[in-house]
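Chemist: could you work out the structure for the sequence below:
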Amino acid sequence: MTHIVLLSDVRRRKRRVYFDRRELSQLLALYSDRVIGGEWRDYAIDHAIGVAVFSVFRHSHDRPAYAIAKLAGPHGTAYAVFDGRSRLKRASSLADVLAVFDKRLRLVTD
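Modeler: This next block holds a predicted model:
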């Protein structure tokens, strides 16, 4: 049986968003640095309509410590870093968003 699909309907549909090879390379480089430092232990990648999320965990049974999202919208692609429900940074490039992790916080004791 033939099913006719209008081109205008196809364009209106939202698509799943994925990280490309370059983005995955950047994310996994950051992840491996943090694993070597003992900060992160696990990660997960989720893809949905309009968003792809790279989540990192301190322990595999916890909630994500951070979530790095690629967001597709009508004005192009944006990236964001979330700490729980709070958004730490949003930018139009992944490198700008990952700059949040450049500053390493250290424990200060008296």
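
Chemist: tally of neighbours for residue 80?
Modeler: Using other C-beta atoms under 10 Å, the number of residues around residue 80 comes to 18. C-betas here are computed from N, CA, C, even on glycine.

Chemist: how many neighbours does the closest residue to residue 82 other than its chain neighbours have?
Modeler: Nearest residue to residue 82 in three dimensions, chain neighbours excluded: residue 67, at 4.4 Å (C-beta to C-beta, 6 or more residues apart in numbering). Residue 67: 20 surrounding residues under other C-beta under 10 Å.

Chemist: quick one, phi psi at residue 67?
Modeler: The phi/psi pair for residue 67 (degrees, to the nearest 10) reads phi -130, psi 130.

Chemist: who's it bridged to?
Modeler: On the basis of DSSP bridges, residue 67 takes part in beta bridges with residue 55, residue 82.

Chemist: quick one: it and residue 78, what's the gap?
Modeler: The gap separating residue 67 from residue 78 is 14 Å, by C-beta to C-beta, to the nearest Å.

Chemist: and the residue nearest to residue 34 when sequence neighbours are not counted, what element?
Modeler: Distance criterion C-beta to C-beta, 6+ apart; nearest residue to residue 34, sequence neighbours excluded, is residue 40 at 4.2 Å. Element membership of residue 40 [criterion: DSSP states H and E] is none; it lies in no helix or strand.

Chemist: any idea how far residue 40 lies from residue 93?
Modeler: Counting by C-beta to C-beta, the separation of residue 40 from residue 93 is 22 Å.

Chemist: the two: who's more crowded?
Modeler: It is residue 40, of residue 40 and residue 93, that has more neighbours when counted by other C-beta under 10 Å, with 19 against 12.

Chemist: wait, the more buried one sits on residue 31?
Modeler: Yes - Residue 40 is in contact with residue 31 according to C-beta atoms under 8 Å; the separation is 6.3 Å.

Chemist: overlap of the contact sets of these two?
Modeler: residue 56 (C-beta atoms under 8 Å, 6 or more residues apart in numbering).

Chemist: for the spatially closest residue to residue 101 that is not a sequence neighbour, helix, strand, or coil?
Modeler: The shortest distance from residue 101 to any non-neighbouring residue, by C-beta to C-beta, 6+ apart, is to residue 30 (6.0 Å). Classification of residue 30 by DSSP: H, G, I helix; E, B strand; the rest coil places it in helix.
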